[in-house]
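A.B. asks: only geometry, no sequence info:
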């Protein structure tokens with residue numbers, strides 16, 4: 001059997017190694033148009049920023065190492081220019097010599113990945129405008145930074161690459177502005193969770209132009225002018241286009257393979273395309289979303305690796321199935337970590353799912369053990385079925401651990417209330433006896449069982465201030481004086497029993513504290529004394545964080561690169 005693989009990196013290289021482990025006799029050929037067959041593309045921004053110092057650390061496998069261990073024929077700088085399914089060949093061009101030839105296959109695996117999205121913007125081809133997808137892109141940017149010593153950069157896009165590059169360029173001393181068409185960075189998060197990242201970025205001197213769209217570029221000597229729709233232009237020494245990625249499916253389209261959304265290659269659960277003996281994996285394919293069961297394009301390294309393994313199994317006569325992607329992701333941004341899995345509120349609404357949510361602010365480990373830090377955790381579940389839908393976490397430490405637990409719970413089909421039953425490891429330096437994931441389960445259990453009614457930050461400002469309801473802040477007087485929501489009176493939870501006479505039991509009570517815990521205690525107490533109570537999810541800490549960010553955006557936060 002002869003297997004031809006188009007593209008290396010995560011999906012193609014993984015599949016090649018798996019095929020060899022399953023079939024020692026197979027002839028395996030990889031064609032990779034770049035000069036690197038298997039590299040750590042998620043580490044590229046950190047090489048530019050100097051966190052990774054040795055270029056060789058980016059290369060996971062070389063053609064020589066692949067051949068030495070697996071006897072796989074890897075040909076870099078070879079571009080496949082056409083597929084010929086009718087005669088089971090591919091057309092190939094050697095980019096070093098210009099030689100053109102056809103290569104026969106018995107099985108064909110497409111792993112072309114995705115290319116940076118480049119809308120038709122005037123001036124986008126300038127030598128000071130970059131994209132970041134390959135090792136060659138990385139070397140070009142690093143060489144530019146070292147030789148030209150730029151002092152400022154505009155990053156078009158606030159996704160993973162844009163944020164990681166913002167951190168690394170800022171650490172190198174550049175003045176950085178992120179231009180994002182939507183009102184937030186990092187789309188896997190909801191706005192209220194992303195607001196923490198906005199505050200963090202600004203605290204590190206990164207300027208944000210949210211709700212702004214790039215219209216084109218102009219070049220004058222060593223300066224790039226980034227034109228914005230309806231706004232003043234930005235001036236910088238370099239620009240990075242990080243608007244997103246587009247599945248690179250030109251070969252598949254020309255060969256007549258069925259395509260799906262975003263032009264991605266449609267595959268079944270065996271990673272088979274619409275044509276016989278042709279498989280596809282990675283950022284170029286459309287798969288099933290594990291939570292919604294809708295078709296989706298999920299451009300992440302983890303799914304690409306798993307798909308490569310599954311395709312290899314089936315190429316070798318097995319029957320492996322891909323059960324879908326849920327988009328689990330994590331990113332380090334300065335001193336914070338942000339992570340998500342499954343659906344956020346926008347995607348749940350788009351899927352027409354009737355959902356509920358909790359927001360909590362637990363410590364990453366026992367508060368009495370030195371160094372504890374507060375994280376913000378948001379969990380979504382489907383009403384009625386209690387099916388877990390998704391989770392988002394932002395914090396300093398312990399975020400990755402909890403998102404992986406929640407991702408596993410979603411994959412295992414657990415009900416949201418069953419989070420309370422998870423038997424998780426505990427020691428004071430690592431967690432609390434009630435882990436944050438358990439705490440989310442406790443809160444969901446209370447809501448589902450009707451013990452607690454809740455409101456969210458979006459509803460706070462619309463609560464009546466005419467005396468028809470009681471707005472109650474149960475923090476200490478000192479906390480209240482440092483900042484509170486207009487219209488909320490202060491009655492500390494520890495004084496509540498003795499001061500019940502100050503409250504009118506005929507009025508609904510909306511209760512707030514710093515994180516939602518003391519207000520929950522107060523709500524339970526008041527409910528048992530006949531009050532109709534609503535606990536504020538997330539607490540004043542969350543409300544203040546989100547509303548402060550909204551004000552910062554509304555006030556057109558100044559950008560140092562405007563003239």
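C.D. replies: Thanks, I have the structure now. In this text, all values refer to a predicted model and were calculated from it rather than measured experimentally.
A.B. asks: make it CA atoms for all contacts and neighbour counts henceforth
C.D. replies: Fine.
A.B. asks: now the helices for the stretch 351-500 of the chain?
C.D. replies: 399-411, 436-448, 457-460, 477-482 (DSSP state H, counting those that start in this stretch).
A.B. asks: should've said the stretch 51-200 of the chain
C.D. replies: Going by DSSP H, counting those that start in this stretch, the stretch 51-200 of the chain shows helices at 63-70, 135-148, 160-171, 191-203.
A.B. asks: Mind giving me the packing neighbours of the third one?
C.D. replies: Right, the one you point to is helix 160-171. helix 44-48, strand 152-156, strand 175-180, strand 329-333 (3 or more C-alpha pairs under 8 Å, 6 or more residues apart in numbering; DSSP states H and E).
A.B. asks: can you redo those as TSV with mean neighbour count?
C.D. replies: Below are the helices and strands packed on helix 160-171 laid out as TSV (neighbours: other C-alpha atoms under 10 Å):
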stretch	mean neighbour count
helix 44-48	22
strand 152-156	25
strand 175-180	26
strand 329-333	19
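A.B. asks: These: which one's closest to residue 105?
C.D. replies: Smallest distance to residue 105 across these (C-alpha to C-alpha): 32.8 Å, for helix 44-48.
A.B. asks: what packs against that closest one?
C.D. replies: Short answer (3+ C-alpha pairs under 8 Å, 6+ apart): helix 44-48 packs on helix 135-148, helix 160-171.
A.B. asks: Could you export the ones you listed as TSV, including mean pLDDT and distance to residue 94?
C.D. replies: TSV is the format used below for these (pLDDT from 0 to 100; distance: least, C-alpha to C-alpha, whole Å):
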stretch	mean pLDDT	distance to residue 94
helix 135-148	92	17
helix 160-171	95	30
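A.B. asks: So which of those is the most surrounded?
C.D. replies: Stretch with highest mean neighbour count among those: helix 160-171 (a mean of 23; mean count of other C-alpha atoms under 10 Å).
A.B. asks: Show which residue of the protein lies farthest from the average position.
C.D. replies: For the chain, the residue at maximal distance from the C-alpha centroid (C-alpha atoms, centre = their mean) is residue 501, at 49.0 Å.
A.B. asks: and the gap between that residue and residue 526?
C.D. replies: Using C-alpha to C-alpha, to the nearest Å, residue 501 is found at 11 Å from residue 526.
A.B. asks: Check the burial of residue 218 by counting its neighbours.
C.D. replies: 15 (other C-alpha atoms under 10 Å).
A.B. asks: what about it, helix or strand, and which?
C.D. replies: Assessed by DSSP states H and E, residue 218 sits inside strand 214-220.
A.B. asks: Now do the helix or strand following that strand against strand 214-220, angle only.
C.D. replies: Remark: after strand 214-220, the chain's next helix or strand is strand 223-228, criterion DSSP H and E. Interaxial angle of strand 223-228 relative to strand 214-220 (axes from the mean of the first three to the mean of the last three C-alpha atoms, to 10 degrees): 160 degrees.
A.B. asks: Pull the distance from strand 223-228 to the chain's centre.
C.D. replies: Distance of strand 223-228 from its chain centroid, counting by C-alpha atoms, centre = their mean, to the nearest Å, is 28 Å.
A.B. asks: for stretch 446-461, same thing?
C.D. replies: Chain-centre distance of stretch 446-461: 27 Å, with C-alpha atoms, centre = their mean.
A.B. asks: go on, stretch 196-206?
C.D. replies: That offset, for stretch 196-206, works out to 17 Å (C-alpha atoms, centre = their mean).
A.B. asks: Which residues outside that stretch are in contact with it?
C.D. replies: 166, 170, 175-178, 184-185, 207-208, 334, 394, 545-546, 549 (C-alpha atoms under 8 Å, 6 or more residues apart in numbering).
A.B. asks: What's the local residue count around the closest residue to residue 96 other than its chain neighbours?
C.D. replies: Leaving aside its sequence neighbours, residue 96 sits nearest to residue 77 (C-alpha to C-alpha, 6 or more residues apart in numbering; 6.6 Å). As a burial measure, residue 77 scores 18 neighbours (other C-alpha under 10 Å).
A.B. asks: what do you get for the one 3 residues further on?
C.D. replies: Counted with other C-alpha under 10 Å, the neighbours of residue 80 add up to 23.
A.B. asks: returning to what we had before: closest to residue 363 out of the helices and strands packed on helix 160-171?
C.D. replies: Once the helices and strands packed on helix 160-171 are compared by C-alpha to C-alpha, strand 329-333 is nearest, at 18.5 Å.
A.B. asks: by contact count, what packs against the closest one?
C.D. replies: Looks like strand 329-333 contacts helix 160-171, strand 336-342 (3+ C-alpha pairs under 8 Å, 6+ apart).
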